[in-house]
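Enquirer: Next one to model:
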Amino acid sequence: MDFNTIKRMDEARDKSLPSLAKLSFALLFIVIVFLWSYASHDTLPNNTFLVIGAVFGAYMAMNIGANDVANNVGPAVGAKAMTLMWAIVIAAIFEAAGALIAGGDVVKTIKNGIIDPSLISDPQMFVWAMTSALLAAALWLNFATSIGAPVSTTHSIVGGVMGAGIATAGFEIVSWGTMGKIASSWVISPLLGGFIAAGFLFFIKKNIMFKDDKLESAKKFVPLLIAFMTWAFSTYIILKGIKHIIKVDFLTASIAGLIIAIIIFILVKPIIAKKANELSDSRKDVNTLFNIPLVFAAALLSFAHGANDVANAIGPLAAINDAVMNATISSKVGIPFWVMAVGAIGIALGLSLYGPKLIKTVGSEITELDQVRAFSIAMAAAVTVIVASQLGLPVSSTHIAVGGVFGVGFLREWLDSSEEKILKDIREKFKKDKKELDKFHDELLKIQNNDSKSKSDYKRIAELYNLIDTKEEQVKFEKKEFKSAKRVKYVKRDAIKKIIAAWLITVPAAAFLSATIFFMIKGMML
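Expert: Purely as a prediction, here's the structure:
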């Protein structure tokens with residue numbers, strides 16, 4: 001993406017909504033949540049931590065919106081398929097819709113079963129632990145967002161729950177086998193996302209972009225790619241986005257997705273053909289055929305993310321609510337509408353106020369994206385989750401999306417290395433031809449300086465002049481080719497180092513923060 005364009009968008013946003021105004025809106029939301037939770041539970045004998053938990057849940061939800069949602073829309077913005085403003089509007093609407101419509105009415109109190117709540121006998125201690133986990137995860141996400149590092153919100157809350165659990169009942173409370181699986185996702189998620197995104201990009205380049213008649217190839221393959229995208233996202237949404245409403249197996253979801261994909265293929269094929277007839281046979285114009293699919297991909301990814309990841313904000317809050325209301329510790333609890341609303345509205349608000357920083361990071365600061373590359377990343381996000389869920393592999397949506405960005409960037413570098421080989425050959429040929437040209441000049445000079453020239457010498461002079469003219473044109477052309485080509489750094493190594501470092505320390509950092517906060521609360525309350 002054009003960095004000047006992003007800079008202008010950031011400047012415009014900052015002028016229209018300065019930092020103080022953004023902070024004011026965020027604080028207003030937290031105050032409203034505080035007043036609502038207090039007023040609606042003022043008769044409870046122990047409502048203090050429910051109110052505190054609601055405030056921390058609102059803070060956590062906003063940080064999820066600020067950090068995690070960027071993965072869904074960042075590539076589309078970076079590819080200029082949509083503006084930053086529309087990306088925020090679409091993502092906010094679909095994130096909230098996913099949370100409210102398909103977020104579920106029951107949630108596990110302990111995310112991913114990383115600790116055994118039965119080892120905590122005192123409900124009050126459990127409430128303190130969940131409060132600490134929420135605040136620690138939110139603080140870590142806030143820090144990660146401030147430095148422009150997209151991290152997993154799931155890993156943040158996992159670290160928070162683990163740290164608070166250890167502080168409450170010791171190391172035996174942690175399911176270390178589960179933690180091992182979560183740690184393996186640090187490697188599995190970005191590698192799977194990267195390979196699948198690179199695979200899609202290579203397929204598109206080979207079958208469309210590298211063809212002499214790009215438009216004719218696009219008419220054939222773009223409808224097929226859109227149909228496959230439809231199948232992937234339909235299956236993904238059915239399996240993950242609406243699993244709380246309707247539970248179906250992979251085969252049923254896949255068949256339903258296939259039916260939808262066939263219908264979409266029949267509808268879009270003539271539309272793509274008509275649109276292609278209006279375009280020139282250039283990469284830039286062919287790229288525009290992927291604009292609308294990218295908008296739909298961003299919307300669908302946001303819906304599924306809202307349905308799944310809202311639990312990161314409201315799971316501990318729902319657990320606190322249940323423990324305060326019933327004075328018991330449950331493995332699964334119902335979700336009151338007000339708790340779900342806190343998560344949904346908080347995610348949408350956090351994205352609107354603070355999301356652009358991470359959208360810019362994912363969309364432009366790792367590698368330059370166009371529509372085809374962004375489409376490949378979106379496809380990787382959906383396909384990787386489907387593949388991983390069927391293989392039972394733990395994955396992170398954040399790591400998949402960012403891994404997809406890495407994948408397309410490194411594929412570009414690999415393809416460029418082939419071009420470098422061509423440039424090397426040109427360079428060697430240029431040196432060889434230049435040396436030969438100099439040799440012709442030297443021979444010509446010797447003959448011309450010879451006073452007693454024979455008939456064969458004059459014939460050789462004529463040949464040398466012709467050879468020199470031909471060789472000079474060839475050398476000139478090779479020199480021009482060599483000068484016009486330049487090496488580009490496609491993946492910024494500093495961004496990779498920063499993001500991977502943030503990934504590696506997310507769980508331990510959130511755990512340390514959570515344990516510290518728990519001991520502070522315990523010290524104040526006892």
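Enquirer: what's the average pLDDT for the helix or strand harbouring Leu225?
Expert: Per DSSP states H and E, Leu225 falls inside helix 214-236. The average pLDDT within helix 214-236 is 90.
Enquirer: Which strands or helices does that helix pack on?
Expert: helix 250-276, helix 283-287, helix 291-326, helix 371-391 (3 or more Cβ pairs under 8 Å, 6 or more residues apart in numbering; DSSP states H and E). Using the backbone N, CA and C atoms, a C-beta is placed for each residue, glycine as well.
Enquirer: Nearest to Ala97, out of these?
Expert: Nearest of those to Ala97, taken as Cβ to Cβ: helix 291-326 at 6.0 Å.
Enquirer: For the protein, which segments count as strands?
Expert: Using DSSP state E, the strands found in the chain span residues 106-108, 332-334.
Enquirer: Sketch out the low-pLDDT regions of the stretch 251-400 of the chain for me.
Expert: Along the stretch 251-400 of the chain, the model assigns pLDDT under 70 to residues 331, 392-394.
Enquirer: For stretch 38-54, which residues meet the burial criterion?
Expert: Neighbour-count burial for stretch 38-54, with 16 or more other Cβ atoms under 10 Å as criterion, is recorded at His41, Asn47, Phe49, Leu50, Val51, Ile52, Gly53, Ala54.
Enquirer: CA-only coordinates of it, as PDB, when you get a sec.
Expert: The C-alpha trace of stretch 38-54 is given here as PDB (Å, rounded to 0.1, in the frame of the first residue of the first chain):
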ATOM      1  CA  TYR A  38     -23.800  -1.400  39.500                       C
ATOM      2  CA  ALA A  39     -27.400  -0.300  39.100                       C
ATOM      3  CA  SER A  40     -28.700  -3.600  37.900                       C
ATOM      4  CA  HIS A  41     -26.900  -5.600  40.600                       C
ATOM      5  CA  ASP A  42     -27.100  -3.200  43.600                       C
ATOM      6  CA  THR A  43     -29.100  -5.600  45.700                       C
ATOM      7  CA  LEU A  44     -26.500  -8.400  45.500                       C
ATOM      8  CA  PRO A  45     -24.500  -8.700  48.800                       C
ATOM      9  CA  ASN A  46     -21.200  -9.100  47.000                       C
ATOM     10  CA  ASN A  47     -21.500  -7.100  43.800                       C
ATOM     11  CA  THR A  48     -18.200  -5.200  44.000                       C
ATOM     12  CA  PHE A  49     -16.200  -7.600  41.900                       C
ATOM     13  CA  LEU A  50     -19.000  -8.100  39.500                       C
ATOM     14  CA  VAL A  51     -18.900  -4.400  38.700                       C
ATOM     15  CA  ILE A  52     -15.100  -4.400  38.600                       C
ATOM     16  CA  GLY A  53     -15.200  -7.500  36.300                       C
ATOM     17  CA  ALA A  54     -17.700  -5.700  34.000                       C
END
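Enquirer: chain center to it: distance?
Expert: How far stretch 38-54 lies from its chain's middle: 37 Å, per Cα atoms, centre = their mean, to the nearest Å.
Enquirer: okay, the buried residues of stretch 38-54 in TSV with distance to Ala323 and pLDDT next?
Expert: TSV is the format used below for those (distance: Cβ to Cβ, whole Å; pLDDT from 0 to 100):
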residue	distance to Ala323	pLDDT
His41	13	79
Asn47	12	79
Phe49	9	83
Leu50	9	88
Val51	14	90
Ile52	13	90
Gly53	9	89
Ala54	13	91
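Enquirer: In helices, which of those appear?
Expert: Among the buried residues of stretch 38-54, the members falling in helices (DSSP state H) are Phe49, Leu50, Val51, Ile52, Gly53, Ala54.
Enquirer: Can you report how many residues neighbour the closest residue to the fourth one other than its chain neighbours?
Expert: In this case it means Ile52. Excluding the flanking residues, the one nearest Ile52 by Cβ to Cβ, 6 or more residues apart in numbering is Thr131, at 5.9 Å. By other Cβ atoms under 10 Å, 26 other residues sit near Thr131.
Enquirer: cool, Asn321 as well?
Expert: That count, for Asn321 with other Cβ under 10 Å as the rule, works out to 26.
Enquirer: what about it, distance to Lys274?
Expert: Per Cβ to Cβ, to the nearest Å, Asn321 is found 54 Å from Lys274.
Enquirer: Repeat that for Leu411.
Expert: 31 Å.
Enquirer: Comparing the two, which shows the higher neighbour count?
Expert: Leu411 (24 against 10).
Enquirer: I'd say the more buried one and Phe200 touch.
Expert: No - using Cβ atoms under 8 Å, Leu411 and Phe200 do not qualify as a contacting pair, with a distance of 9.8 Å.
Enquirer: returning to that earlier point: could you check the angle helix 250-276 makes with the helix holding Leu225?
Expert: Counting by axes from the mean of the first three to the mean of the last three Cα atoms, to 10 degrees, helix 214-236 lies at 150 degrees to helix 250-276.
Enquirer: Report the distance from helix 214-236 to the chain centre.
Expert: A distance of 21 Å separates the centroid of the chain from that of helix 214-236, by Cα atoms, centre = their mean.
Enquirer: Lys522 and Ala129 touch, don't they?
Expert: No - using Cβ under 8 Å, Lys522 makes no contact with Ala129, being 9.7 Å away.
Enquirer: what about those two, which has more around it?
Expert: In terms of neighbours (other Cβ under 10 Å), Ala129 is the more surrounded of Lys522 and Ala129; the figures are 34 against 16.
Enquirer: my guess is that one contacts Ala167, does it?
Expert: Yes - counting by Cβ under 8 Å, Ala167 is a contact partner of Ala129 at 7.3 Å.
Enquirer: hey, what's in contact with both of the two?
Expert: Phe518 (Cβ atoms under 8 Å, 6 or more residues apart in numbering).
Enquirer: thinking again about what came up before, just send the helices and strands packed on helix 214-236 back as CSV, with distance to Thr235 too.
Expert: Formatted as CSV, those follow (distance: least, Cβ to Cβ, whole Å):
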stretch, distance to Thr235
helix 250-276, 4
helix 283-287, 26
helix 291-326, 11
helix 371-391, 6
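Enquirer: out of the ones you listed, nearest to Leu349?
Expert: Counting by Cβ to Cβ, Leu349 lies closest to helix 291-326 out of those; the figure is 11.9 Å.
Enquirer: Go through that closest one and flag the buried ones.
Expert: Under 16+ other Cβ under 10 Å, the buried positions of helix 291-326 are 291-325.
Enquirer: And for Phe29, the neighbour number?
Expert: Neighbours of Phe29 (other Cβ under 10 Å): 20.
Enquirer: so what's it up against?
Expert: Per Cβ under 8 Å, 6+ apart, neighbours of Phe29: Ala58, Met62, Ile345, Gly346, Leu349.
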